[in-house]
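Trainee: after the sequence you'll find the predicted model.
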Amino acid sequence: MKKTEWPIRWDLLVRYRLIEAVALWEGRLTTNHICYSFGIGRQQASKDINTYLRELAPGNLEYDRHLKGYVPASNFKPVVTRGEISEYQDLVASQQQLSSVFASLEVRLPGSHSVSSPGRVIDPATMRAVVRAIRGGRQLRASYVSLSRPEAVHSVLEPHTMVCAGNQWHVRAWCDANREFRDFAISRLRSVPELLRQKVRHSVSQDDDWNRQVTLDVAPDQRLSQPQQLIIANDYDMQHGKLTVTSRAALAPYVLAQLGITINTQHPDALVQQLELINPDSLGFGSKREQALKTIAACG
């Protein structure tokens with residue numbers, strides 16, 4: 001994309017997204033939200049709101065004199081967000097992280113808190129090597145450990161994509177030692193991988209499980225009572241008692257894990273599991289199923 005093709009300047013886009021998310025999910029937007037979040041003056045914050053309403057979303061917000069702030073209009077329609085609660089959660093979390101680093105800055109949205117868990121520790125030099133390999137289409141000589149094989153395994157990797165799954169980063173790569181595409185948790189690469197001069201011979205277009213889309217049908221755990229199942233179904237806005245999720249086959253186990261669903265086991269307590277996959281054959285790993293499970297366990 002050329003510089004001139006970028007539709008909205010990045011810093012403005014971030015501010016417009018805050019305007020939309022706060023108005024939608026808090027029901028009241030003031031210039032203070034923007035001033036405190038970005039360290040700008042009230043005049044500039046007011047200009048941002050007016051520009052949003054004039055150029056991006058005319059009529060999306062209305063000024064409520066009683067509340068002394070902007071509220072979503074009855075015909076409100078998201079234009080720079082998808083209108084999903086996860087976007088507001090991400091906003092709260094990012095501002096909370098800034099507050100924890102810069103204690104003197106008042107950037108946190110009032111009355112909101114995000115629960116965070118420790119992330120996997122990754123050496124910056126290791127991450128840089130992986131990024132350079134992907135961007136340059138080059139091979140990596142790496143040493144890797146896993147729960148299924150604690151001793152270090154040395155191999156040449158041909159990475160094509162980094163993926164963030166919850167609190168961990170992994171890289172999807174062709175593994176020369178195993179002669180197939182696999183997932184590698186970046187935190188489990190031992191020592192900084194060596195960036196080789198050789199170009200990759202196996203590209204993303206050859207990664208069948210990466211390119212194959214699967215449809216996952218998720219439903220409330222059938223061991224729950226009907227009233228309990230209805231509560232779960234309402235939580236996820238399920239249609240006809242199930243939630244349909246589309247994912248790359250290679251990433252489906254991670255999607256399920258974030259929903260608390262494991263592929264080959266069932267939690268003994270239905271109140272803990274809550275959800276189940278009702279079409280496990282959709283994963284379509286076939287004869288590679290056991291190896292796929294081992295790979296997921298290794299990255300887990």
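Mentor: Good, I have the coordinates.

Trainee: before we move on, what SS does L243 have?
Mentor: strand (DSSP: H, G, I helix; E, B strand; the rest coil).

Trainee: quick check: it touching A219?
Mentor: Yes: if you go by Cβ atoms under 8 Å, L243 and A219 touch, sitting 7.3 Å apart. (Each C-beta comes from the backbone N, C-alpha and C, glycine too.)

Trainee: for the residue nearest to P78 when sequence neighbours are not counted, which residues are in contact?
Mentor: Counting by Cβ to Cβ, 6 or more residues apart in numbering, P78 lies nearest to E20, which is 5.9 Å off, once chain neighbours are set aside. Neighbouring residues of E20 by Cβ atoms under 8 Å, 6 or more residues apart in numbering: Y52, A57, N60, P78, V79, V80, T81.

Trainee: now V214
Mentor: Here V214 is in contact with T246, S247, R248, A249, A252, S282, L283, G284 (Cβ under 8 Å, 6+ apart).

Trainee: ok, those residues vs Q226, which is closest?
Mentor: The nearest member of those to Q226, counting by Cβ to Cβ, is S282 at 25.4 Å.

Trainee: tally of neighbours for the closest one?
Mentor: 14 (other Cβ atoms under 10 Å).

Trainee: helix/strand/coil for it?
Mentor: What three-state DSSP gives for S282 is helix.

Trainee: tell me the phi and psi of the nearest residue to it once chain neighbours are set aside?
Mentor: Nearest residue to S282, sequence neighbours excluded (Cβ to Cβ, 6+ apart): V214, at 5.1 Å. Phi and psi for V214, reported as degrees, to the nearest 10, are phi -120, psi 150.

Trainee: for the stretch 51-200 of the chain, just list every one of the strands.
Mentor: Assigned by DSSP state E, counting those that start in this stretch, the strands in the stretch 51-200 of the chain fall at 61-64, 69-72, 138-144, 153-165, 168-175, 180-185, 189-199.

Trainee: got the angle for the fifth one vs strand 180-185?
Mentor: Same thing as strand 168-175. Here the directions of strand 168-175 and strand 180-185 differ by 160 degrees (axes from the mean of the first three to the mean of the last three Cα atoms, to 10 degrees).

Trainee: and strand 168-175, what does it pack onto?
Mentor: Applying 3 or more Cβ pairs under 8 Å, 6 or more residues apart in numbering; DSSP states H and E, one finds that strand 168-175 makes contact with helix 124-136, strand 153-165, strand 180-185.

Trainee: let's see 10 Å
Mentor: Packing partners of strand 168-175 (3 or more Cβ pairs under 10 Å, 6 or more residues apart in numbering; DSSP states H and E): helix 124-136, strand 138-144, strand 153-165, strand 180-185, helix 289-299.

Trainee: and those, which one is worst for confidence?
Mentor: Mean pLDDT is lowest for helix 289-299 out of these, coming in at a mean of 48.

Trainee: and D64, what pLDDT?
Mentor: In this model, D64 carries a pLDDT of 91.

Trainee: quickly list what it is bridged to.
Mentor: Bridge pairing for D64 (DSSP bridges) gives the partners G69.

Trainee: save the strands of the stretch 51-200 of the chain as a markdown table, and put in distance to G41 too.
Mentor: Output for the strands of the stretch 51-200 of the chain, formatted as a markdown table (distance: least, Cβ to Cβ, whole Å):
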| stretch | distance to G41 |
| --- | --- |
| strand 61-64 | 19 |
| strand 69-72 | 18 |
| strand 138-144 | 47 |
| strand 153-165 | 35 |
| strand 168-175 | 38 |
| strand 180-185 | 45 |
| strand 189-199 | 45 |
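
Trainee: same list (the ones you listed) but as a markdown table, adding mean neighbour count and distance to R223.
Mentor: As requested, the strands of the stretch 51-200 of the chain are exported to a markdown table (neighbours: other Cβ atoms under 10 Å; distance: least, Cβ to Cβ, whole Å):
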| stretch | mean neighbour count | distance to R223 |
| --- | --- | --- |
| strand 61-64 | 15 | 46 |
| strand 69-72 | 20 | 40 |
| strand 138-144 | 21 | 38 |
| strand 153-165 | 18 | 27 |
| strand 168-175 | 22 | 30 |
| strand 180-185 | 21 | 31 |
| strand 189-199 | 15 | 40 |
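
Trainee: out of these, flag the one nearest A129.
Mentor: Nearest of the strands of the stretch 51-200 of the chain (Cβ to Cβ): strand 189-199, 4.7 Å.

Trainee: for the helix or strand just after the closest one, list the C-alpha coordinates in CSV.
Mentor: Using DSSP states H and E, the next helix or strand after strand 189-199 towards the C-terminus is helix 208-211. Taking C-alpha atoms only, helix 208-211 is exported to CSV below (Å, rounded to 0.1, in the frame of the first residue of the first chain):
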residue,chain,number,x,y,z
ASP,A,208,-2.4,-27.5,3.5
ASP,A,209,-3.7,-27.2,7.1
TRP,A,210,-2.9,-23.5,7.1
ASN,A,211,-4.9,-22.9,3.9
